[in-house]
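1. Below are the sequence and a predicted model for it; my questions follow.
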Amino acid sequence: MSIYYLDTSALVKLYVQEPGTDRLLGIANDSVENRIAVLALSPVEIRSAIRRRQRAGDVTQDIASLILDALQRHFESRFIRQPLNDTVLDIALEMVDRYALRAYDAIQLAGCLAFKITTGNEVPTFVCADQQLLAAARSELLPVLDPCAEI
């Protein structure tokens with residue numbers, strides 16, 4: 001059993017077929033007993049991504065609603081939620097100063113680092129599809145997984 005911290009670029013792959021979806025579905029499969037952690041802010045980012053796809057005509061309103069309903073159920077029952085708190089924001093400020101990260105990316109990485117502090121001996125694997133963010137996570141000595149990378 002492992003613990004994975006999914007940033008939004010990875011989390012969305014559980015709900016929308018993209019490169020890396022099959023790999024993430026394998027990680028999130030209930031029979032594997034892995035634990036999945038996400039930042040409390042992630043549903044806002046995913047809702048934005050799904051609604052953009054709906055407006056672009058990539059998914060229908062019905063499909064978008066089904067995806068968002070499933071996300072909400074999982075968020076309430078399946079995922080470990082890392083709160084967006086002062087610790088996360090303080091770490092995010094350090095990440096912005098240390099790496100060339102966008103604000104939300106810095107907050108996602110900070111969420112994982114704060115989660116690592118609270119779990120003690122258990123180090124989460126940071127799962128992300130953004131190479132710059134993965135490089136920053138590696139520099140922070142986190143194990144990383146790019147779901148789109150060749151195995």
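-> Looks like it arrived, so ask away.
2. Rounded mean pLDDT for stretch 41-59, please.
-> For stretch 41-59, the mean pLDDT works out to 94.
3. next one: stretch 135-144
-> Rounded mean pLDDT across stretch 135-144 is 97.
4. what about it, distance to the chain center?
-> The chain centroid and the centroid of stretch 135-144 are separated by 14 Å, computed with Cα atoms, centre = their mean, to the nearest Å.
5. Name the residues of it that come out as buried.
-> 136, 137, 140, 142, 144 (16 or more other Cβ atoms under 10 Å). C-beta: built from backbone N, CA, C; applies to glycine.
6. Reduced to three states, what does the fourth one come out as?
-> Assigned with DSSP: H, G, I helix; E, B strand; the rest coil, residue 142 falls in the coil class.
7. element containing the closest residue to it other than its chain neighbours?
-> If the residues on either side of it in the chain are set aside, residue 142 comes closest to residue 126, at 4.6 Å by Cβ to Cβ, 6 or more residues apart in numbering. Secondary structure from DSSP states H and E places residue 126 in strand 125-127.
8. That strand pairs with which strands?
-> Strand pairing for strand 125-127, determined by DSSP bridges: strand 3-6 (parallel), strand 144-145 (parallel).
9. so what's the closest residue to residue 18 other than its chain neighbours up against?
-> Among residues not flanking residue 18 along the chain, residue 12 sits closest, at 7.3 Å (Cβ to Cβ, 6+ apart). Listed by Cβ atoms under 8 Å, 6 or more residues apart in numbering, the contact set of residue 12 reads 18, 46, 49, 50.
10. need the contact list for the residue nearest to residue 142.
-> By Cβ under 8 Å, 6+ apart, the contact list for residue 126 reads 5, 7, 109, 112, 134, 137, 142, 143, 144, 145.
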